[in-house]
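> No letters, just coordinates:
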């Protein structure tokens, strides 16, 4: 009988170590909620301040503006997006490091490095692609490009953290493809993909693993 | 009964060795310091168990330099993987029959 409980304990240890050493589990669900909140705030800023309540249908709105106004608006939108991205990344880093510390675990492990590399390759590719779109003056593909490359990055990262990230990635890719079909509605797809999806994902993860 | 226990591998009896093998089953390579943190053991303790596993041919040692710092990483050998899987099976069988 003693043998039995030792075997059970052994198997439990093996399972725990296999999971902890191959998956980064300090990713906080709350970071999803924050990222989604920042994305929606950024979209509202874009809509009300930068586009001055202009129609969400970029094309019609832009056609009524001078070239100089369009250039200014574009730079403001880029700055807006960069701020949203920075805030979201900082919040998720902060929350994940905190979660690791509270659990007495290391944040910087071989797995988190692998996770980061797998995230960064598609993300940097996407970033460069978007810069090229801007330079080539093809702005309508920017939102679809962001969503698709982000989705691909998440799918790649899914192997190294919670499985649910994989599903989020697939939904982001689908959202991106759909938004390419409706280029006029970029802002709405952005709000859905980066805002609403993140918040739903974050709440689900938080309730499932952290509360 | 004898058959069941015969696959229980004495090499893996210690918790630390069990931990080392578990990490190397799911990671191609793992370095010394990360192993130490994952398993929360001391340098000396980990080193002696790694040595034992290496001598039994269960794991392979790769020494290299990253910049100027020496970096030692470990990976499971084919034999190590097979033996560990058999050990796991034996543990499961033991639980099921008792």
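Right, received. Where do you want to start? Remember, predicted model here, so these are calculated numbers, not experimental data.
> So residue A:139 is in contact with residue A:131, correct?
No. Taking contacts as Cβ atoms under 8 Å, residue A:139 lies outside contact range of residue A:131: 11.8 Å. Using the backbone N, CA and C atoms, a C-beta is placed for each residue, glycine as well.
> Show me which of those two is the more surrounded one.
Using other Cβ atoms under 10 Å in any protein chain shown, the more surrounded residue of residue A:139 and residue A:131 is residue A:139, with 18 against 12.
> what about stretch A:193-211, start to end distance?
With Cα to Cα, to the nearest Å applied, stretch A:193-211 spans 25 Å between its terminal residues.
> By neighbour count, which bits of that stretch are buried? Give me those.
Residues of stretch A:193-211 classed as buried under the neighbour-count rule (16 or more other Cβ atoms under 10 Å in any protein chain shown) are A:193, A:194, A:195, A:197, A:198, A:199, A:201, A:202, A:203, A:205, A:206.
> same question, stretch B:10-18
B:11, B:12, B:15, B:16, B:17, B:18.
> What is the most widely separated pair among those residues?
Among the buried residues of stretch B:10-18, the pair separated by the greatest distance (Cβ to Cβ) is B:11 and B:15, at 13.0 Å.
> who touches both of these two?
Residues touching both residue B:11 and residue B:15 do not exist when contact is defined as Cβ atoms under 8 Å, 6 or more residues apart in numbering or on different chains.
> what's in contact with stretch A:88-97?
Contacts of stretch A:88-97 (Cβ under 8 Å, 6+ apart): A:26, A:27, A:28, A:30, A:31, A:32, A:34, A:35, A:38, A:39, A:107.
> show me the contacts for the third one.
Taking Cβ under 8 Å, 6+ apart as the contact definition, residue A:28 lies against A:92, A:95, A:96, A:98, A:99, A:206, A:210.
> neighbours of residue A:154, just the number please.
What residue A:154 shows, counting by other Cβ under 10 Å, is a neighbour count of 25.
> element containing it?
helix A:142-157 (DSSP states H and E).
> can you pull the contacts of residue 22?
Chain wasn't specified; assuming chain A. A:111, A:160, B:26, B:27.
> meant chain B, my bad for not saying
Taking Cβ under 8 Å, 6+ apart as the test, what residue B:22 contacts is A:13, A:14, A:17, A:18, A:21.
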